[in-house]
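# task: produce atomic coordinates for the following.
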Amino acid sequence: MFILVVGLNHKSATVEIREKLSFSENEICDASIQLREEKSIEGCCILSTCNRTEIYAACTDLERGLASVKKFLLDRGELSSEEFSRYFYVHTLYDAIRHLFRVASGLDSMVLGETQILGQVRTAYQRACSEKVSNGIINTWFQQAITVGKRVRTETGIDQLPVSTSYTAVELARQVFGDLSGCNAMVLGAGKMSELTLKHLVAQGVQKILIANRSIEKAEELASRCDGEAIPFSQVYERMSEADIVISCTAATHYVIRRSFVEEVMDRRAQKPMFLIDIAVPRDIDPEVAQVSGVHLYDIDDLQNVIDQNLEARRKAAIEAENIINKEIHQFLRWLNSLFVIPTIIALKSKGNEIKEKELNRALSKLKNLSEKEKKVVSSLASSIVNQLIHDPITQIRQYAAMPEGHLYSEILQNLFCLDVPGQRQKHVGHRKQEYVEKIRCHG
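Next comes the predicted model:
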């Protein structure tokens, strides 16, 4: 049994191409069943997100399986073979294992270390199980990938460092106030950035949220989504003293919050600390506001510096994550190659015993005068010769089971000894050997 991945993502294809291959939840179910009906495919799982569409498959024949998946995707997207070569990637065996483990760990994501992809991998696997299109290999592969994704995040903390502007803004507020559940917040503006910031504030359990916008209708629409209170922009000054956190992201071309006003607000707050974050370009808040006692002011450049530091920390965490993945790959590889190795060893022993019995019977039929004791000696000798002949191949193939090319040695042994291993024996090992050797060379 062979495993492969065929897909495209944000790095290999534009959104115009990706959307042709996107699947809704209902479409994935039907598509998975259709794909599973291909003779060479024993199990499959489709992962489809806004940034990637990938098919994971376990095949009895690697070349036929790849051809089936390729045709399926080309038909789905109405694409040419040339476009397939341009936009898609294909990973087999060792590379396929690594790819899924990296995807689940967030190392192949647009935002390094993001957490959403792990849930998407889990959902894709659960869907494959419920539709009964997975098999033992797909099950073990995805189960271990999910475990790897959890382990990477737990041991490296790669997902704990904010790298989006809106999340970083809220995280900085949390660092100032600690628990935000007792805080009130005010958001100026009702655009996309304000909406994202509000989501993070709600997630942190902020007590009350005021939303001010020059279009009160837009403010009311946004407030309805987060259980906030919409206020006219003209009320910003009088209501700001209620806010512990002020996040401003308007489209104004001038300062909307000035030092003199903030000084008055702080007097009304009895100098209780206030956190202001300006994520607008041009800036909404006069930089002089930072001089007011009790005020913590951050602008977009301050946030970007934090984001850059966090990105660098994530890149360092990713190196540690790759080490974890490498160890997990070898563990899975040992199990996967055992699916080749164990049947091969059984077949080799069976063939050795078959030859021994055949030749032993022939010899004994010619040695009529041997006593029972002598026959046992001859039989023991024959068994010893067979066991010694196959001992080294068996020992070596067991050691190779943990190596990327372990399955290849099993195939070679099957061909050299003409072993009958159902569903495994290959006629063109030599043709694929160069491909695998090249992969091995690339992996060191």
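
# next, the buried residues of stretch 173-188.
If you call a residue buried by 16 or more other CB atoms under 10 Å, then stretch 173-188 has these buried ones: Ala173, Arg174, Phe177, Leu180, Cys183, Asn184, Ala185, Met186, Val187, Leu188. All C-beta atoms are positioned from the backbone trio N, CA, C, and that covers glycine.

# just those: which are in helices?
Among those, DSSP state H puts Ala173, Arg174, Phe177 in helices.

# can you give the strand pairings for whichever strand or helix holds Leu8, parallel or anti for each?
Leu8 is part of strand 2-9, with elements assigned from DSSP states H and E. For strand 2-9, the paired strands and their directions (DSSP bridges) read strand 52-59 (antiparallel), strand 89-92 (antiparallel).

# chain center to the helix or strand hosting Val202, what's the gap?
Per DSSP H and E: Val202 is located in helix 192-203. Counting by CA atoms, centre = their mean, to the nearest Å, helix 192-203 is centred 25 Å from the centre of its parent chain.

# now for that helix, which elements pack on it?
Applying 3 or more CB pairs under 8 Å, 6 or more residues apart in numbering; DSSP states H and E, one finds that helix 192-203 makes contact with helix 165-177, strand 184-188, strand 208-213, helix 216-226, strand 245-248.

# repeat the analysis, applying 7 Å as the threshold.
If you count contacts as 3 or more CB pairs under 7 Å, 6 or more residues apart in numbering; DSSP states H and E, helix 192-203 packs onto helix 165-177, strand 184-188, helix 216-226.

# just the buried residues of stretch 173-188 now: which is nearest Ala270?
Asn184 (15.0 Å; CB to CB).

# just checking, that closest one touches Gln207?
Yes - Asn184 sits in contact with Gln207 when judged by CB atoms under 7 Å, with a separation of 5.6 Å.

# would you mind listing the outside residues contacting stretch 164-174?
Contacts to stretch 164-174, defined as CB atoms under 7 Å, 6 or more residues apart in numbering, come from residues 162, 180, 193, 196-197, 200-201, 204, 245, 247, 275, 277, 279, 298, 303, 306-307.

# circling back to that earlier point, rank the helices and strands packed on helix 192-203 by pLDDT, which is bottom?
Among those, helix 165-177 has the lowest mean pLDDT, at a mean of 86.

# CA atoms of it as CSV?
The C-alpha trace of helix 165-177 is given here as CSV (Å, rounded to 0.1, in the frame of the first residue of the first chain):
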residue,chain,number,x,y,z
THR,A,165,-2.6,43.6,13.7
SER,A,166,-6.0,43.3,15.3
TYR,A,167,-5.0,40.4,17.5
THR,A,168,-1.8,42.1,18.6
ALA,A,169,-3.7,45.2,19.5
VAL,A,170,-5.9,43.3,21.9
GLU,A,171,-3.0,41.2,23.2
LEU,A,172,-1.1,44.4,24.1
ALA,A,173,-4.2,45.6,26.0
ARG,A,174,-4.3,42.3,27.9
GLN,A,175,-0.7,42.7,28.8
VAL,A,176,-1.5,46.1,30.4
PHE,A,177,-4.8,45.2,32.1
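
# quick one: that helix to chain centroid distance?
Using CA atoms, centre = their mean, the offset of helix 165-177 from its chain centre is 27 Å.

# cool, and stretch 69-78?
Relative to its chain's centre, stretch 69-78 lies at 23 Å (CA atoms, centre = their mean).

# dump that stretch to PDB, keeping only the CA atoms.
Presented in PDB, the C-alpha positions along stretch 69-78 are these (Å, rounded to 0.1, in the frame of the first residue of the first chain):
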ATOM      1  CA  VAL A  69      -6.500  11.500  -8.600                       C
ATOM      2  CA  LYS A  70      -5.000  13.700 -11.300                       C
ATOM      3  CA  LYS A  71      -7.900  12.900 -13.700                       C
ATOM      4  CA  PHE A  72     -10.400  13.600 -10.900                       C
ATOM      5  CA  LEU A  73      -8.900  17.000 -10.100                       C
ATOM      6  CA  LEU A  74      -8.600  18.000 -13.800                       C
ATOM      7  CA  ASP A  75     -12.200  17.100 -14.500                       C
ATOM      8  CA  ARG A  76     -13.300  18.900 -11.400                       C
ATOM      9  CA  GLY A  77     -11.500  22.200 -12.200                       C
ATOM     10  CA  GLU A  78     -11.800  21.800 -16.000                       C
END
